[in-house]
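>>> compute the structure for the input listed below.
(2 chains)
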Amino acid sequence: MPAEKFPIEAGHIMLFARSIADKNPIYYGDDPIAPPTFAQSSAQFDPNYFLRPVIGKPWFGSGGTPTGITDPGDKDISSGLHAEQHFEYHRHIKPGDVLTATSKPGETWEKQGRSGGKLQFSESITEYRDQNGELAITARSVGVKTEKPPAQG
Amino acid sequence: MALKASDINVGDTYEEVVVENLTRTQLVQYSGASGDYNPLHTDEVYATQVAGFPSVFAHGMCSMGMTGKAVTNYVGDGTLTKYGVRFSKQVWPGDTLTATLTVDAVREEDGGQLVDLSVVTVNQDGAVVIKGAATARAE
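Residues are numbered from 1 along each chain as shown, chains lettered A, B, ... in the order given. Presented below is the predicted three-dimensional model:
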């Protein structure tokens, strides 16, 4: 998840640790480090992250109706699924670090799905650099989209 | 505390139940902390009536985070150099997940000791939901 400024904060680490049901005291104490998958929460600092409601704009989740989006073409916004996630830790991040995350596309490939439709895989590489420009974490994410099988005859 | 290379052997395993009877509220917590507010994970009305799923289901990253807890409980804090997974199957409310780590190798690199682990998380029916690998520094 790209973010110009991803400040690592103790409160955020505590909330994140609770959210993965991890009671390791290091995440709740005076001198925490971030849990291994914490970097993904840079989504909070990505101004264009599409899975966060934008204030004042329609949201595709339910309100008075099952979805707030009226254009049916936009309803499959969530059809992509997360297939793989890989982290490489050059060092462990902690409160006080201010990271910059930059993402670039990686490889793309196709596979035949079990139900007959094509599965389209695409990779995204995110580099998290610290306030000194040093690489802290490299993340590789693979997403998959399913193409519906052709309609029966 | 890091693992001691002299205390571990290839084939050693570590098992931990990382969540019991996963709740929708846990998924709400994960959405709030991670920033992934996809209604597929928290909004039963959207997930069932619009997206056509039997219920909401867990973020892959939530299951990966819970599995990561077993990894850090075994290898120690701040020692991981790599952690990666493939999401094999969806995780649903009510699921109980058990992570199993297996030592694949204990090796030396750049004068330090590294431990390679395979990581598998299964649900209460024994179906694999996460399969991956991790590498950590040992002493």
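>>> mind listing what the residue positioned nearest the centre of chain A touches?
Geometric centre of chain A, nearest residue: residue A:40, 5.0 Å, by C-alpha atoms, centre = their mean. Contact analysis of residue A:40 by C-beta atoms under 8 Å, 6 or more residues apart in numbering or on different chains lists A:1, A:85, A:139, B:34, B:36, B:61. The way it works is simple: take the backbone N, C-alpha and C, and place the C-beta from them, glycine included.
>>> which members of those residues are the farthest-apart pair?
The span of those, defined through C-beta to C-beta, is set by A:139 and B:36 at 14.2 Å.
>>> isn't residue B:131 up against residue B:120?
Yes: the pair residue B:131 / residue B:120 is scored as a contact, 5.4 Å apart, by C-beta atoms under 8 Å.
>>> picking that back up, so residue A:139 and residue B:36 - more neighbours on which side?
Neighbours were counted for residue A:139 and for residue B:36 using other C-beta atoms under 10 Å in any protein chain shown; residue B:36 has more, 25 against 22.
>>> quick check: pLDDT value at that one.
We have a pLDDT of 97 for residue B:36.
>>> ok, it - contacts?
A:40, A:43, A:51, B:30, B:59, B:61.
>>> try residue B:50
Residue B:50 touches A:60, A:62, A:66-67, A:75, counting by C-beta under 8 Å, 6+ apart.
>>> can you check residue B:61 too?
Counted by C-beta under 8 Å, 6+ apart, residue B:61 has contacts A:37, A:40, A:82, A:85, B:30, B:34, B:36.
>>> how about the contacts of residue B:36 in TSV, adding distance to residue B:6 and secondary structure?
Listed next are those as TSV, based on distance: C-beta to C-beta, whole Å; DSSP: H, G, I helix; E, B strand; the rest coil:
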residue	distance to residue B:6	secondary structure
A:40	34	helix
A:43	41	helix
A:51	46	coil
B:30	38	helix
B:59	38	coil
B:61	35	helix
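>>> any chance of those residues in a markdown table, plus pLDDT and distance to residue B:4?
Shown next, in a markdown table, are those (pLDDT from 0 to 100; distance: C-beta to C-beta, whole Å):
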| residue | pLDDT | distance to residue B:4 |
| --- | --- | --- |
| A:40 | 96 | 31 |
| A:43 | 96 | 37 |
| A:51 | 94 | 42 |
| B:30 | 98 | 33 |
| B:59 | 97 | 34 |
| B:61 | 98 | 31 |
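>>> okay, and residue B:66 sits in which element?
Using DSSP states H and E, residue B:66 sits within helix B:60-75.
>>> how about that helix as CSV, C-alpha atoms only?
C-alpha atoms of helix B:60-75 as CSV (Å, rounded to 0.1, in the frame of the first residue of the first chain):
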residue,chain,number,x,y,z
GLY,B,60,-6.5,-13.1,4.3
MET,B,61,-4.2,-10.7,6.1
CYS,B,62,-6.1,-11.3,9.4
SER,B,63,-5.4,-15.1,9.1
MET,B,64,-1.8,-14.3,8.1
GLY,B,65,-1.5,-12.0,11.2
MET,B,66,-2.9,-14.7,13.5
THR,B,67,-0.6,-17.3,12.0
GLY,B,68,2.3,-14.9,12.4
LYS,B,69,1.6,-14.9,16.2
ALA,B,70,2.5,-18.6,16.3
VAL,B,71,5.7,-17.8,14.3
THR,B,72,6.9,-15.0,16.6
ASN,B,73,5.9,-17.0,19.7
TYR,B,74,8.3,-19.8,18.4
VAL,B,75,11.2,-17.8,16.9
